[in-house]
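Visitor: sequence plus the predicted model coming up.
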2 protein chains.
Amino acid sequence: MPSAAGRGQGQDRRPENEDSSAADDYAKERYGVSSMIQSQEKPDRVLVRIKDLTVEKADEEVWVRGRIHTSRAKGKQCFLVLRQQQFNIQALVAVGQHASKQMVKFAANITKESIVDIEGVVRKAHQKIGGCTQQDVELHVQRIYVISSAEPRLPLQLDDAVRPEVEGEEDGRATVNQDTRLDNRIIDLRTSTSQAIFCLQSGICQLFRETLIRKGFVEIQTPKIISAASEGGANVFTVSYFKTSAYLAQSPQLYKQMCICADFEKVFCVGPVFRAEDSNTHRHLTEFVGLDIEMAFNYHYHEVVDEIADTLVQIFKGLQERFQTEIQTVSKQFPCEPFKFLEPTLRLEYQEGVAMLREAGVEMGDEEDLSTPNEKLLGRLVKEKYDTDFYILDKYPLAVRPFYTMPDPANPKTSNSYDMFMRGEEILSGAQRIHDPQLLTERAKHHGIDLEKIKAYIDSFRFGAPPHAGGGIGLERVTMLYLGLHNVRQTSMFPRDPKRLTP
Amino acid sequence: MPSAAGRGQGQDRRPENEDSSAADDYAKERYGVSSMIQSQEKPDRVLVRIKDLTVEKADEEVWVRGRIHTSRAKGKQCFLVLRQQQFNIQALVAVGQHASKQMVKFAANITKESIVDIEGVVRKAHQKIGGCTQQDVELHVQRIYVISSAEPRLPLQLDDAVRPEVEGEEDGRATVNQDTRLDNRIIDLRTSTSQAIFCLQSGICQLFRETLIRKGFVEIQTPKIISAASEGGANVFTVSYFKTSAYLAQSPQLYKQMCICADFEKVFCVGPVFRAEDSNTHRHLTEFVGLDIEMAFNYHYHEVVDEIADTLVQIFKGLQERFQTEIQTVSKQFPCEPFKFLEPTLRLEYQEGVAMLREAGVEMGDEEDLSTPNEKLLGRLVKEKYDTDFYILDKYPLAVRPFYTMPDPANPKTSNSYDMFMRGEEILSGAQRIHDPQLLTERAKHHGIDLEKIKAYIDSFRFGAPPHAGGGIGLERVTMLYLGLHNVRQTSMFPRDPKRLTP
């Protein structure tokens, strides 16, 4: 601490419009607006985390930095709620030995969302403090300095932003619509719900990689700027590249496969994937994060399917174990049933799925792809029958899959391909890929693809290629569906869709 | 195994142009070209890893899948070197009980780089087998089936591709130039050197994230398609975005800072960064992988500098501990001194660096930026004086840093900014950022930046922003400099530069 009085650096700007002269104010050193922190000093002050303020710390004097979440002046007292990420505590500034009436007024006038440093004594609360995460203690403020002021008019209120929609509708209380949230994302991301969603999403990435590294996979980095549109040129963004033009990769698949041809055997990558689709749905983004896997196998692509399914199961388990607080926090605003899964994962064949749908009254052909409503219906039927929110649909009709999909040798209308579903929505699409240049050429021709454009791709398999399979997972969808949310924009920090490029 | 004879699936295609009739060949079931693996069967055959073939396995019968690395026929014998990633073993097919002369001929004719399944008995070698990683054993082949054939003419020879340049020059033996390597990247990536480089690079990413997660950081995903060029619009790629146009992010910085303003406190991200610079140097790419960090601090930006430096130190240590084999492998082709670093990391002030350069005869002004040659010279001087390949240069002149850099309150010509260097080359640039909208506006004006274009950026700081600092690390540079390589294209799997967009 820089001085015996315990003042932080540069706490010398007096609040303006003070109604009493400084001379009258016995607490004048104990509050104020700190000058901007420019790393003037290195005080050895310890700032305690709000989540660590519990009854064990009762009667200790601590320094805390937090945001003013709410503020309520009441006679000679001012009650503040001080927030730090998902945690908050009540702080009391009361006229007395440490605080003058000017200081209480100063505290009461600090704008919501401003960041303050507070020195205070932790006191056991006489009764549980509702609405705070730290319910058993409060902070008796001895000093308060504003570190960074928020403008008085906030574009949205955090309390409105975490209110469950039902409550808003029933009680006529304000909620915040999606565009207002996204337009003011830095405020919206401060809510306990947003904090929890994105901490959990960070966990998904970590669990994905942890599991695969343990299984002997290698992480690769694939280029996003590519010279040729990989799958025929539809839905691809064009980039000006010096004197020529290029494209943004719609998937890392070609590069994952090249790594397999280059003997890396088991690879994964995490990175942006770009789709120039003009789809304005709850689950489409023009830029999303792909969790991609590709793996050489010995004799059967189910070796790969099992590894991918197990990786997802390890993610689900890890989330249950490590992110229970976050799951609970999100469910307060968006209630939903806990995510259920089986071990080993349920694998149904496509025709079994079709049979279940037909039994439920759906009319569809054997080689017809699943529509979104049928996907969701099948998810409900599977849940009823098998009690799982996660399953694999295997052996899709060859006709509805890309040209590089390996046909099923036992049935020419079927392919060695699969999708995986969470709560009835697709989160992964994958297949055994054709590793033989001759068959690949035949299949490309059958699909009417210009061979010249995919020459480099086909040539990758001319120097010995192991049989391999893989798939790509959409990160935002996994987060959304695991938490039972309803829009992928809730699980993308800064979503991109055909109508949104900002912030 | 599908049958008592131990045949794999579909090994029924006889080699063509066979010079003896099948009837004469007592080994005819024991070799051939396997039909394409389309997941016809799930044999319970175990394929043993080549690296696990040691004297402990002597006299065991095993199945192995590998590539034909080299092949040498000699009378009634054929010596194969079978390769699997960085490991290889000698395999012998000899006329006798298990192999006919037709089978030996078949084996001898398998093209290099083809993938084969071999059943054989592990035998202790009479003498060390030079040139193989498994020096103490060889494999006596009983069955051999081609799983995937390579075309006979390879665009480059793996042995040439791993030959040290010195050896090539001195002995007049072939080496492979960079463009040939990159044009045929899937073959070049199969070399032991490439395998080692990219396994180590995967390790760098893993260590980076492991360390930061342990330090309480959250991983974020930032958009790559952005609506406005962040730093004035130079060197930015343009993307067609539906009916409008957009840009590719030159750095995730704005988004990292928004996350700090949104209370995530400590964030990192790993992802592609795009620079439309027409620089054709050994260390510039138009697309590279950024390891980015941003962190709110309490009172001094050195809190952040220390965390970043420690993260790099943890990476260096982790590589030493976990990737010694890879380091050794690379050094066989590219010899270099082991990477040295200090704990805690050496931090010099910019003016100290300038003084060292002047002492060495360099003429430069106090506010002049370091040229690349001076950077390298300073690296050598620091190595001589402090015996470290890694150090921090702190407090750069304000004039040479971007507008959002926090000025040093103690010296108006200096700033709270820093670069970090490995073997005399910059790998990270960072700074305390201005978190006050008023000062940020002033500094932007001073730099002549159009305020309208950065309005959203400045507005991010209007609702309370903690002091914060960060930096971005170039992954390919870290890999290159740690291993003492000389071109960043060696450490990018599929590099992009102004002249290269493929493969």
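Guide: Yep, it's here.
Visitor: quick one, helices of chain A?
Guide: In chain A, the segments counted as helices under DSSP state H are A:101-108, A:158-161, A:165-171, A:178-183, A:185-188, A:192-214, A:253-261, A:302-322, A:324-333, A:350-359, A:372-386, A:437-446, A:455-459, A:475-482.
Visitor: any idea how far chain B is from residue A:176?
Guide: As for residue A:176, its distance to chain B is 15 Å (criterion: C-beta to the nearest C-beta, to the nearest Å). Backbone N, C-alpha and C define where each C-beta goes, glycine included.
Visitor: repeat for residue A:483
Guide: Counting by C-beta to the nearest C-beta, the gap from residue A:483 to chain B is 16 Å.
Visitor: which residues touch that residue?
Guide: Taking C-beta atoms under 8 Å, 6 or more residues apart in numbering or on different chains, we find residue A:483 in contact with A:197, A:200, A:327, A:330, A:331, A:334, A:336, A:491.
Visitor: repeat for residue A:467
Guide: A:296, A:297, A:298, A:299, A:301, A:432, A:435, B:37, B:39, B:147, B:148.
Visitor: okay, the residues you listed in a markdown table with neighbour count and distance to residue A:453 next?
Guide: Output for the contacts of residue A:467, formatted as a markdown table (neighbours: other C-beta atoms under 10 Å in any protein chain shown; distance: C-beta to C-beta, whole Å):
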| residue | neighbour count | distance to residue A:453 |
| --- | --- | --- |
| A:296 | 23 | 26 |
| A:297 | 23 | 28 |
| A:298 | 18 | 32 |
| A:299 | 21 | 32 |
| A:301 | 25 | 27 |
| A:432 | 27 | 23 |
| A:435 | 27 | 20 |
| B:37 | 26 | 27 |
| B:39 | 21 | 28 |
| B:147 | 25 | 28 |
| B:148 | 24 | 24 |
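Visitor: and which of those is nearest to residue B:76?
Guide: Looking at the contacts of residue A:467 and their distance to residue B:76, the nearest is residue B:147, at 25.4 Å (C-beta to C-beta).
Visitor: quick check: closest non-adjacent residue to the closest one.
Guide: residue B:115 (4.5 Å; C-beta to C-beta, 6 or more residues apart in numbering or on different chains).
Visitor: could I get the pLDDT score of the one you found?
Guide: We have a pLDDT of 98 for residue B:115.
Visitor: what residues are bridge-paired with it?
Guide: Per DSSP bridges, the residues bridged to residue B:115 are residue B:67, residue B:148.
Visitor: so what's the residue count around it?
Guide: If you count neighbours by other C-beta atoms under 10 Å in any protein chain shown, residue B:115 ends up with 25.
Visitor: surely residue A:459 touches residue A:437?
Guide: Yes - between residue A:459 and residue A:437 there is a contact at 7.3 Å, judged by C-beta atoms under 8 Å.
Visitor: which other residues reach the lowest-mean-pLDDT helix or strand in chain A?
Guide: Sorting the helices and strands of chain A by mean pLDDT, DSSP states H and E puts helix A:165-171 at the bottom, at a mean of 79. Contacts with helix A:165-171, where a contact means C-beta under 8 Å, 6+ apart, come from A:173, A:174, A:175.
Visitor: the first one and residue A:81: what is the separation?
Guide: The one in question is residue A:173. Using C-beta to C-beta, to the nearest Å, residue A:173 is found at 18 Å from residue A:81.
Visitor: the more surrounded of the two?
Guide: Using other C-beta under 10 Å as the criterion, residue A:173 and residue A:81 rank with residue A:81 on top: 19 against 12.
Visitor: contacting residues around the more buried one?
Guide: Counting by C-beta under 8 Å, 6+ apart, residue A:81 touches A:68, A:69, A:70, A:71, A:88, A:89, A:90, A:91, A:131, A:132.
Visitor: tell me how chain A divides into domains.
Guide: A:43-148, A:192-490 (the TED database).
Visitor: what's the first-to-last distance across the last one?
Guide: Distances were taken as C-alpha to C-alpha, to the nearest Å; on that basis the terminal residues of domain A:192-490 are 13 Å apart.
Visitor: over to stretch A:153-162?
Guide: Per C-alpha to C-alpha, the first residue of stretch A:153-162 is 19 Å away from its last.
Visitor: also stretch A:355-369?
Guide: 14 Å.
Visitor: what comes up buried for it?
Guide: A:356, A:357, A:362 (16 or more other C-beta atoms under 10 Å in any protein chain shown).
Visitor: would you mind measuring from the last one to residue A:368?
Guide: Distance from residue A:362 to residue A:368, counting by C-beta to C-beta: 10 Å.
Visitor: same thing with residue A:308?
Guide: Residue A:308 sits at a distance of 25 Å from residue A:368 (criterion: C-beta to C-beta).
Visitor: what sits against residue A:458?
Guide: A:437, A:440, A:441, A:444, A:451.
Visitor: switch the cut-off to 6 Å
Guide: Contact partners of residue A:458, counting by C-beta atoms under 6 Å, 6 or more residues apart in numbering or on different chains, are A:437, A:440.
Visitor: kindly report the same for the one 4 residues further on.
Guide: The contact partners of residue A:462, taken as C-beta under 6 Å, 6+ apart, are A:437, B:151.
Visitor: distance of it relative to residue B:98?
Guide: 31 Å.
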